[in-house]
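Undergrad: Would you be able to build a 3D model of this:
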Amino acid sequence: MIKYTEKTLRNGLRVLVNRDRASKLAAVNILYMVGARNEEPTKTGFAHLFEHLMFRGTHNVPEFDVPVQMASGENNAFTNNDYTDFYITLPKENLSTALWLESDRMQNLNISEEAYSTEKQVVIEEFKQRFLNQPYGDEQLLLRNLAYTTHPYRWSTIGQSPEHIERATLDDVREFYARHYRPSRAILSISADLPEEEMLAMAEEYFGDIEDHGGEILPIPHEPVQTEARRLEVERDVPATDITIALHMGDRQSEDFFCGDLSSDLLAGGESSRLVNRLIKERGLFSSVNAYITGSLDEGLFVIKGRLMPQTLEEEAERALWQELDEIKAGNISDYEMEKVKNKFEANMLMGEINIMNKALNLGFYAMTGDITLINREAEIYRALTREQVMAFAERCFRKQNSSTLIYRAKQ
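TA: Numbers count the residues shown, from 1 in each chain. The predicted structure follows:
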């Protein structure tokens, strides 16, 4: 159970604070509700670019990392399709330093020609190295573009093409910053052994006077219901063939999320899971297997995949993956399996509540989902899932006409 107090400042900034009496550290997390889903089809990769730019310094602080280190702190960030997250841990006595730094870069980021030019080249090179110039690098790019036709989830956080960042102007970048990096598009969460009223007052002191200005937030197009199976086969210079099947499922707040998460753990949750035991150890069809859900804010994907052994026929491998999905659909799930995956989920939730940074991260994330109470209710929801609910989910999701299959074939 994570206890918290919430307040929304006049400029729209949501603030959540938690008193953690067991830690000498303070964790500061600021989540911006901007990810790849907020980009235009011809201007992708901007949210990821700003993950880099936000560390380039402001008009007041030329190097963001220096004062963090002087305050004995550590900081980092990540971007995904739904949001961008920046976090700092440091001694609680230095909490004001973290709040000063975050409030400063919310309003005073130095988007100069030099900074933009440097980070643009870094991002373009990262795209080429991670996605174009290594084995299986473009697999996820192909899968997203196959599974989605309309929603911005059809491109990865890195973007659709390095050309989008390459041809972006300084005005494009500054407009993106003004539109998204502002109080009403952010959630500040703090965990520290300090009175909650004191932390709320500090948030008001550092962020309360920031004006909330920027352009209109673009609506996100809804993905049409898939009615026919999709398929893409490519050849690449890779050591072995991959088969990936993606199936549409509900959003982060739907029952599908919990049933899908449980199903993916049944199939691929560790070395004793079904896919490992049946398809690797017993049948020797694959060298590696996996099943997971994307966990997206909007309607996401249930993904099952495997890397074929040299002697395995593609048809046999694909059929075996569908057989495992059909087993879930038929309700062939033992009480022991259900209990095991539920226990694992609860254990992971409890471990997440121990770490002070995880508390701050989770407060921001669950506030963003639209239902902050889920932070303390998810284990209960998961525990209450029945075999019948999982079967109903599988019936909705595990259908051929709802599938997008990528054959990522090794060249002969």
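
Undergrad: What is the three-state secondary structure of Glu205?
TA: Recorded secondary structure, Glu205: helix (DSSP: H, G, I helix; E, B strand; the rest coil).

Undergrad: List the contacts of it.
TA: Leu99 (Cβ atoms under 8 Å, 6 or more residues apart in numbering). Where you see a C-beta, it was placed from the backbone N, CA and C, and this is true even at glycine.

Undergrad: what about it, distance to Ser189?
TA: Between Glu205 and Ser189 the computed distance is 17 Å (Cβ to Cβ, to the nearest Å).

Undergrad: ditto for Glu223
TA: For Glu223, the distance to Ser189 (Cβ to Cβ) stands at 30 Å.

Undergrad: More neighbours: those two, which one.
TA: Ser189 (28 against 17; other Cβ atoms under 10 Å).

Undergrad: you'd agree Ala145 is in a helix?
TA: Just to correct that, residue 145 is Asn rather than Ala. Yes - under three-state DSSP, Asn145 sits within a helix.

Undergrad: Let me see the contact set for the closest residue to it other than its chain neighbours.
TA: Among residues not flanking Asn145 along the chain, Arg154 sits closest, at 5.2 Å (Cβ to Cβ, 6 or more residues apart in numbering). Contacts for Arg154 were tallied using Cβ under 8 Å, 6+ apart; they are 144-145, 147-148.

Undergrad: one more time with 7 Å, if that's ok
TA: 144-145, 148 (Cβ atoms under 7 Å, 6 or more residues apart in numbering).

Undergrad: In the stretch 101-250 of the chain, what residue spans correspond to strands?
TA: Using DSSP state E, counting those that start in this stretch, the strands of the stretch 101-250 of the chain run over 186-192, 230-236, 242-248.

Undergrad: Which elements pack onto the last one?
TA: The reference is to strand 242-248. Contact here means 3 or more Cβ pairs under 7 Å, 6 or more residues apart in numbering; DSSP states H and E; on that basis strand 242-248 packs against helix 139-147, strand 301-308, helix 314-329, strand 403-410.

Undergrad: most packed of those?
TA: Highest mean neighbour count of those: strand 301-308, a mean of 24 (counted as mean count of other Cβ atoms under 10 Å).

Undergrad: Could you list the residues in contact with that strand?
TA: Counting by Cβ under 7 Å, 6+ apart, residues outside strand 301-308 touching it are 147, 240-249, 260, 264, 267, 279, 285-294, 317, 321, 325, 397.

Undergrad: how big is the angle separating it from strand 403-410?
TA: Following axes from the mean of the first three to the mean of the last three Cα atoms, to 10 degrees, one obtains 30 degrees for the angle between strand 301-308 and strand 403-410.

Undergrad: how far does strand 301-308 sit from the chain's center?
TA: Counting by Cα atoms, centre = their mean, to the nearest Å, strand 301-308 is centred 18 Å from the centre of its parent chain.

Undergrad: Kindly tell me how buried the closest residue to Lys3 other than its chain neighbours is, as a neighbour count.
TA: Leaving aside its sequence neighbours, Lys3 sits nearest to Asn18 (Cβ to Cβ, 6+ apart; 6.3 Å). Using other Cβ under 10 Å, Asn18 is surrounded by 20 other residues.

Undergrad: So Asn18 lies in a strand, does it not?
TA: Yes - residue state for Asn18 (three-state DSSP) corresponds to a strand.

Undergrad: partner residues bridging it?
TA: Beta bridges link Asn18 to Ser191, judged by DSSP bridges.

Undergrad: Start at 277, not 1
TA: Sounds good: first residue 277 from here, last item Asn294.

Undergrad: could you measure the residue nearest to Asn421 against Pro497, distance?
TA: Look at Arg430 and Pro497: by Cβ to Cβ, they are 10 Å apart.

Undergrad: next one: Glu547
TA: The value you get for Glu547 to Pro497, if Cβ to Cβ is used, is 41 Å.

Undergrad: Looking at those two, which is more packed in?
TA: Between Glu547 and Pro497, counted using other Cβ under 10 Å, Pro497 has the larger neighbour count: 12 against 8.

Undergrad: Please report phi then psi for that one.
TA: The phi and psi values for Pro497, taken as degrees, to the nearest 10, are phi -70, psi 140.

Undergrad: Counting by contacts, list what the helix or strand bottoming out on mean pLDDT in the chain packs against.
TA: Every helix and strand of the chain was ranked by mean pLDDT, DSSP states H and E. The lowest is helix 611-630, at a mean of 88. On a contact count with 3+ Cβ pairs under 7 Å, 6+ apart, helix 611-630 meets helix 531-544, helix 632-645, helix 650-659.

Undergrad: Tell me which residues of that helix come out buried.
TA: The neighbour-count check on helix 611-630 (16 or more other Cβ atoms under 10 Å) flags 613-614, 616-618, 621 as buried.

Undergrad: Report the separation between the spatially most central residue of the chain and Ser572.
TA: By Cα atoms, centre = their mean, the chain has its centre lying nearest to Asn356, at 4.6 Å. Taking Cβ to Cβ as the measure, Asn356 falls 9 Å from Ser572.

Undergrad: what's the answer for Leu464, then?
TA: Where Ser572 is concerned, Leu464 sits at a distance of 23 Å (Cβ to Cβ).

Undergrad: Compare the two (neighbour count), which wins?
TA: Neighbours per residue, other Cβ under 10 Å: of Leu464 and Ser572, the larger number sits with Leu464, 28 against 20.

Undergrad: any low-confidence regions in the stretch 377-526 of the chain?
TA: Nowhere does the stretch 377-526 of the chain drop to pLDDT under 70.

Undergrad: Please, where are all the helices along it?
TA: 389-403, 415-423, 438-442, 446-456, 472-483 (DSSP state H, counting those that start in this stretch).

Undergrad: which one is Asn652 nearest to, not counting chain neighbours?
TA: Met277 (5.4 Å).

Undergrad: tell me the pLDDT at that neighbour?
TA: Note for Met277: predicted pLDDT of 86.

Undergrad: That one contacts Ile651, correct?
TA: No - counting by Cβ atoms under 7 Å, Ile651 is not a contact partner of Met277; they are 9.0 Å apart.

Undergrad: neighbour count winner among those two?
TA: Ile651 (21 against 6).

Undergrad: would CSV of the helices and strands packed on helix 611-630 with distance to Thr365 and mean pLDDT be doable?
TA: Below are the helices and strands packed on helix 611-630 laid out as CSV (distance: least, Cβ to Cβ, whole Å; pLDDT from 0 to 100):
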stretch, distance to Thr365, mean pLDDT
helix 531-544, 28, 96
helix 632-645, 5, 96
helix 650-659, 19, 93
